[in-house]
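Enquirer: Output the structure for:
(2 chains)
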Protein chains: 2
Amino acid sequence: MNEYLYPAADMRFVLQHLIGFDRLCRDCGQDAVDQALADEILAQAGRFAQAQLVPLNPLGDQRGCRMGPNGAEPPGGFAQAHGQFVAAGWHALTLALEWGGQGLPRVLGAAVNEIWQSANMAFSLCPLLTEGAMETLVCHGSTALKQRLLPAMAEGRWSGTMNLTEPEAGSDLAAIRTRAEPCADGYRLFGQKIYITWGEHDMTDNIVHLVLARLPDAPPGVKGISMFAVPRYLPDAAGEWCLPNDVRCLSLEHKLGIHASPTCVMSYGEQGGALGYLVGAAHEGLAQMFTMMNSARQAVGLQGVAIAERACQQARAYACARLQGTAADGTRFAIVRYPDVRRMLMQMRASIEAMRALAYRGAADVDNARCLADRGLSQRYHARADLLTPIIKGWCTELAQEVVSQALQIHGGMGYIEETGVAQHLRDARILTIYEGTTGIQGLDLVGRKLLHDRGAALEALLDEIDSLAERLSSDTDLAVQGARLAEAVASARIAQAWLIQQAPVDPAAAGAASVPLLMLLGYLCGGWVMGLAALQARAALALGQGDEAFLHDKCVTARFYSEHLLPRTRAALESVLAGSDSIMAIPEQRL
Amino acid sequence: MNEYLYPAADMRFVLQHLIGFDRLCRDCGQDAVDQALADEILAQAGRFAQAQLVPLNPLGDQRGCRMGPNGAEPPGGFAQAHGQFVAAGWHALTLALEWGGQGLPRVLGAAVNEIWQSANMAFSLCPLLTEGAMETLVCHGSTALKQRLLPAMAEGRWSGTMNLTEPEAGSDLAAIRTRAEPCADGYRLFGQKIYITWGEHDMTDNIVHLVLARLPDAPPGVKGISMFAVPRYLPDAAGEWCLPNDVRCLSLEHKLGIHASPTCVMSYGEQGGALGYLVGAAHEGLAQMFTMMNSARQAVGLQGVAIAERACQQARAYACARLQGTAADGTRFAIVRYPDVRRMLMQMRASIEAMRALAYRGAADVDNARCLADRGLSQRYHARADLLTPIIKGWCTELAQEVVSQALQIHGGMGYIEETGVAQHLRDARILTIYEGTTGIQGLDLVGRKLLHDRGAALEALLDEIDSLAERLSSDTDLAVQGARLAEAVASARIAQAWLIQQAPVDPAAAGAASVPLLMLLGYLCGGWVMGLAALQARAALALGQGDEAFLHDKCVTARFYSEHLLPRTRAALESVLAGSDSIMAIPEQRL
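Expert: Next comes the predicted model:
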């Protein structure tokens, strides 16, 4: 079972009813783009994924990456597929037109990206990182640097990477030791980076590494980090990028999953220094990295949606095909008849639809923040996107673990057999709560930078918005219970927020102790928010007799299921928050 | 990092304070056995595990099983380790003295078994299944059959297996098609069995397969299943068991985890029929299987405890060693300082201690049910063990998934690298919610056979007991909040039970829809029960100045953490139960 059909109906529903895609395009001055074009693009992406990427997914998992004579090699077929991907123009969908991209809204890019990540997460990490690198260069690079690097990237001939982590510097970037020394033609870099995704491969002619390093005069800590663009190949006298730079992949990691994605230990400057170009101003690498990181974090949250969708499709197909039960008349029936199997399928469905809607909302917020002429409105969208980013990254990837595990569970013993394929999704998905900042890091970002920073103004605005949605739900008799549940969940969030603002100044461990439970609380709440909106929109469409009646009915059921089975988790999360740090910190380290 | 120290202090605390091990031994007429002997046996087991089983665990994972010229072969070193295991007398600890075992209480056997499963789950499945097979033969075999098979098993020269599943008969045993035909010297079996753990190997001289099959006159469905003992080798004229029976392993499964445990496709009767001996009466195989299954289900629950303990130890060591943070004075500190890391470690600890206490209680209930002379009391223990078995199997293995995943999470990127070793625990653990009956099957067993069968009398008795504990907790000012939380959780269970009894007759999907949420509700509640007991006992010991003060203090903290962070999940589970089957069943199968 190795099939995948992109979830066309739900994607369209989210774009049309929860995002207001046509209006977003108009607001962003993208008059040529509308829902109909989006539908067509998504359909093309679905076909490409099914034809090119899906078949490579199990093959890539089995074969993995190897070190060949020319360095790291992805599995056979990947380079060809990447060539097709680029030829079809998929690699620079959201890059600005002026830099050779297609300038499409990010929310559409997110939907397309969901398709790639569902089809083949290991493969699709390469264009995902390239997109982040291009975006960082667009935002922070000098015009000269952009002109030097972006055209080839925009043509899909070059890929990009993020080089942050070092053996002693993971979450703690202050400990970065890679150094950069000024030289005549730029900077020479020396150091080792680890966990570099697609750090070396043969799918593109060149690779632009965005590397965090320290200049000789750098202040200590994170304020002394600068960003450099270090190409794998440098230009010769004729301007052809064919001279090897002093950078190479030392080895590949042997990982639990995403076997087809080369995770490289990269070495810079073994032979006199790797030539790099400073990106933006010196010592501002952290801020620049966050451009890349925020984009990547939303994208990783979306990977959670994508792999959950993929695993769910497989589980659904298995549940409908696997005969395991005998009716009174002696005929056998499929396990999908069992209420507990149905419960798991509904839980997966409700989780996925909530995650998808939230992740797309986050992407649309970024579009609005960038495009809207009204400065105040733009800033509000910006604050909203900033608030949602750690929630999308943290909550969607945590929830994805549960969904893929349930998908495996539905397969019974077959799920544990590698050939069935669902175990690959479980193994692949397990990286998602770790890379681009663990869930713990997302929690700290949320409480530190988002909730305590402006005393939670962005959260207040969100909670007010959800409260007013809860009121609207409550005024519809059929949705009143959902409205009440949502209002209760908002109340829990307010209690948690008030607790945090009160405790953080008096207990240094409070914010850290509460961070992840609070993130999960807000995640489940936001899921309830978007599913509540979805229920309202679906009922409105049904009342008007517009749209696919069956789909709209099912959306209402799924929203109800969400409010019954997932939203109540906010309450348990609140209890965790309110418990504070006492019992967490009471056992001394050496006795833990 | 490949180390394991058996949790001596917690094991002793549970046996002494939550089981009353000395009294249990006296009640069971085991005057020679006491806590001091148990401590010594556990210490010896810990040393054996560390020396013999722990080093083989990663090697077995990497090497896996192969088909050799003589059939399935476990990894190198396993046969030698099994020889040592038997030589040390570990293979028949709880088997009755009259059959050559050591006749130790099952609860002590459970504690020793936890050590084996922590050290090397793949290896330890073999003795685990052999123990279940011996027990089944003791309970159901004729004297002649016992005399024929048990001595060699009791000497550790033969192992045992369970052969239930067929390609078309997994959870639905009614579909079993393997057939048995009477013949002069017993029965001839024909059919294929799948997922047979340790179905073929070279660690013992012979293997006794307990096989479910149908006799020619069998009624349809589960009432027509009989159990047969089918040895791999049959006796020659001289009585030496060396003639190959008509049974062989066709192939090995390529699994997500427990690579060193051969999971066999077994073929019976390709060449005229595999000779087997009927176990007990014809057509009563299901009941006999449940002897084996109930024992195995408690043992699998314990595997959940064991692998969680192992993964937690690794995570704790990593968290204390991994420097990732810089203090104000410039010194680096370990990630264990971060409250969120501490929260995860505490959650793992609280989960494990609750699971361990519950699993040992379940084993002790079986001891009491078997030994106590008072028939009424014995029956009450029997009913309690029956009630707890699906909870121990379902809840402990589900919670174990969360613990091993958190253990991996604490490692950050390192956790995703196979060489780190923690990913093996995640892969190994994933089978636990599947084999010996999925969590869904445990849920159906719980609601069908345990709650609805006697209108929940055994549950009522348990809830009353927990309620009175909650009262005792509430009378201690320091534990009053825990008492109140526990009382609330009991109230949730009562509401869920009442709902089930009311809904089951009117909604055919109700019991199935509620089954797993109800199982999880009762699991978290039982965890709160045993941790509440633990807190009371620890405080009593502290008040008397007895025992290790630091350990007792930490136990109180852990119990508090449990009531703050895990017990509140009962509430969300109740919401799931009360939601009923409407939203679960509302979307037609073809649109799921």
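Enquirer: Show me chain A divided up by domain.
Expert: As assigned by automatic domain parsing, chain A contains the domains A:55-88+A:120-283, A:288-579.
Enquirer: Tell me which of the ones you listed lies nearest to chain B.
Expert: domain A:288-579 (3.3 Å; Cβ to the nearest Cβ). C-beta here means a position set from N, CA and C on the backbone, and glycine is covered the same way.
Enquirer: How far away from the center of its chain is the closest one?
Expert: The gap between where domain A:288-579 is centred and where its chain is centred comes out at 13 Å by Cα atoms, centre = their mean, to the nearest Å.
Enquirer: what would the domains of chain A look like in JSON lines with distance to residue B:255, mean neighbour count and mean pLDDT?
Expert: Output for these, formatted as JSON lines (distance: least, Cβ to Cβ, whole Å; neighbours: other Cβ atoms under 10 Å in any protein chain shown; pLDDT from 0 to 100):
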{"stretch": "domain A:55-88+A:120-283", "distance to residue B:255": "14", "mean neighbour count": "20", "mean pLDDT": "97"}
{"stretch": "domain A:288-579", "distance to residue B:255": "5", "mean neighbour count": "22", "mean pLDDT": "97"}
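Enquirer: how about the ones you listed in CSV, adding distance to chain B?
Expert: Shown next, in CSV, are the domains of chain A (distance: least, Cβ to the nearest Cβ, whole Å):
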stretch, distance to chain B
domain A:55-88+A:120-283, 4
domain A:288-579, 3
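Enquirer: Figure out the helix or strand that residue A:550 lives in.
Expert: According to DSSP states H and E, residue A:550 maps onto helix A:549-565.
Enquirer: now for that helix, which elements pack on it?
Expert: helix A:8-13, helix A:339-371, helix A:480-503, helix A:510-544, helix B:569-579, helix B:582-585 (3 or more Cβ pairs under 8 Å, 6 or more residues apart in numbering or on different chains; DSSP states H and E).
Enquirer: let's go with 6 Å and repeat that
Expert: Using 3 or more Cβ pairs under 6 Å, 6 or more residues apart in numbering or on different chains; DSSP states H and E as the contact test, the elements touching helix A:549-565 are helix A:339-371, helix A:510-544, helix B:582-585.
Enquirer: could you pull out the strands for the stretch 51-200 of chain A?
Expert: Listed in chain order, the strands found in the stretch 51-200 of chain A under DSSP state E, counting those that start in this stretch are A:66-68, A:71-73, A:158-163, A:179-183, A:186-197.
Enquirer: so what strands line up beside the very next helix or strand once past the last one?
Expert: Per DSSP H and E, strand A:186-197 leads on to strand A:206-213 as the next helix or strand towards the C-terminus. The sheet places strand A:206-213 alongside strand A:158-163 (parallel), strand A:226-231 (antiparallel), with pairing taken from DSSP bridges.
Enquirer: C-terminal to the last one, what's the next element?
Expert: The one in question is strand A:226-231. strand A:233-235.
Enquirer: neighbouring contacts of that following strand?
Expert: A:206, A:241-243, A:245, A:275 (Cβ atoms under 6 Å, 6 or more residues apart in numbering or on different chains).
Enquirer: Now for those: which two are most distant?
Expert: A:242 and A:275 (13.9 Å; Cβ to Cβ).
Enquirer: Run through the residues that contact residue A:180.
Expert: Contacts of residue A:180 (Cβ under 6 Å, 6+ apart): A:187, A:189, A:213, A:215, A:228.
Enquirer: Can you give me the distance of the second one to residue A:213?
Expert: In this structure, residue A:189 lies at 6 Å from residue A:213, with Cβ to Cβ, to the nearest Å as the measure.
Enquirer: Which stretches in the stretch 201-350 of chain A count as helices?
Expert: Under the criterion DSSP state H, counting those that start in this stretch, the stretch 201-350 of chain A contains helices at A:285-321, A:339-371.
Enquirer: Which neighbouring elements make contact with the longest one?
Expert: Looking back up the chat, that one is helix A:285-321. helix A:106-119, helix A:121-140, strand A:226-231, helix A:339-371, helix A:375-410, helix A:422-429.
Enquirer: Next: the shortest one.
Expert: Helices and strands in packing contact with helix A:339-371 are listed as helix A:21-27, helix A:106-119, helix A:285-321, helix A:375-410, helix A:510-544, helix A:549-565, helix B:510-544, helix B:582-585; criterion 3+ Cβ pairs under 6 Å, 6+ apart.
Enquirer: who wins for proximity to residue B:492 among those?
Expert: helix B:510-544 (6.4 Å).
Enquirer: I'd like to check the angle between that closest one and helix B:549-565, please.
Expert: Here helix B:510-544 points in a direction 150 degrees away from that of helix B:549-565 (axes from the mean of the first three to the mean of the last three Cα atoms, to 10 degrees).
Enquirer: Run the contact check for helix B:510-544 versus chain A.
Expert: Yes: remark: helix B:510-544 sits within contact range of chain A at B:512-513, B:515-516, by Cβ under 6 Å from any Cβ of the partner chain.
Enquirer: which residues touch the residue nearest in space to the middle of chain A?
Expert: The residue lying closest to the centre of chain A (Cα atoms, centre = their mean) is residue A:300, at 2.0 Å. Residues near residue A:300 by Cβ under 6 Å, 6+ apart: A:393, A:432, A:436.
Enquirer: Could you do residue A:456 as well?
Expert: Contacts of residue A:456 by Cβ under 6 Å, 6+ apart are residue A:497.
Enquirer: how about 8 Å then?
Expert: Contacts here follow Cβ atoms under 8 Å, 6 or more residues apart in numbering or on different chains; on that basis residue A:456 touches A:450, A:497, A:501.
Enquirer: Same check on residue A:95?
Expert: A:101-103, A:131, A:134-135, A:138, A:154 are the contacts of residue A:95 under Cβ under 8 Å, 6+ apart.
Enquirer: For those residues, could you give me JSON lines that also reports distance to residue B:406?
Expert: JSON lines is the format used below for the contacts of residue A:95 (distance: Cβ to Cβ, whole Å):
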{"residue": "A:101", "distance to residue B:406": "40"}
{"residue": "A:102", "distance to residue B:406": "42"}
{"residue": "A:103", "distance to residue B:406": "42"}
{"residue": "A:131", "distance to residue B:406": "31"}
{"residue": "A:134", "distance to residue B:406": "36"}
{"residue": "A:135", "distance to residue B:406": "33"}
{"residue": "A:138", "distance to residue B:406": "38"}
{"residue": "A:154", "distance to residue B:406": "42"}
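Enquirer: Residue A:277 pairs with what?
Expert: Bridge pairing for residue A:277 - DSSP bridges - gives residue A:229.
Enquirer: how far away is it from residue A:587?
Expert: 50 Å.
Enquirer: Alpha carbons of stretch A:538-557, in CSV - could you do that?
Expert: Taking Å, rounded to 0.1, in the frame of the first residue of the first chain, the C-alpha atoms of stretch A:538-557 are listed here in CSV:
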residue,chain,number,x,y,z
ALA,A,538,-19.9,24.6,6.7
ARG,A,539,-23.4,25.1,8.1
ALA,A,540,-23.7,28.5,6.3
ALA,A,541,-22.8,26.8,3.0
LEU,A,542,-25.3,24.0,3.7
ALA,A,543,-28.0,26.5,4.5
LEU,A,544,-27.3,28.2,1.2
GLY,A,545,-27.2,24.9,-0.6
GLN,A,546,-23.7,25.6,-1.8
GLY,A,547,-20.8,23.2,-2.1
ASP,A,548,-20.6,19.5,-1.6
GLU,A,549,-23.3,18.6,0.9
ALA,A,550,-21.6,15.3,2.0
PHE,A,551,-18.3,17.0,2.6
LEU,A,552,-19.9,19.8,4.5
HIS,A,553,-21.9,17.4,6.7
ASP,A,554,-18.8,15.4,7.4
LYS,A,555,-16.9,18.6,8.3
CYS,A,556,-19.6,19.4,10.9
VAL,A,557,-19.3,15.9,12.4
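Enquirer: contacts for that stretch?
Expert: With Cβ under 8 Å, 6+ apart, stretch A:538-557 has contacts from A:9, A:13, A:17, A:353, A:476, A:478-479, A:534-535, A:559, B:583, B:586-587, B:591.
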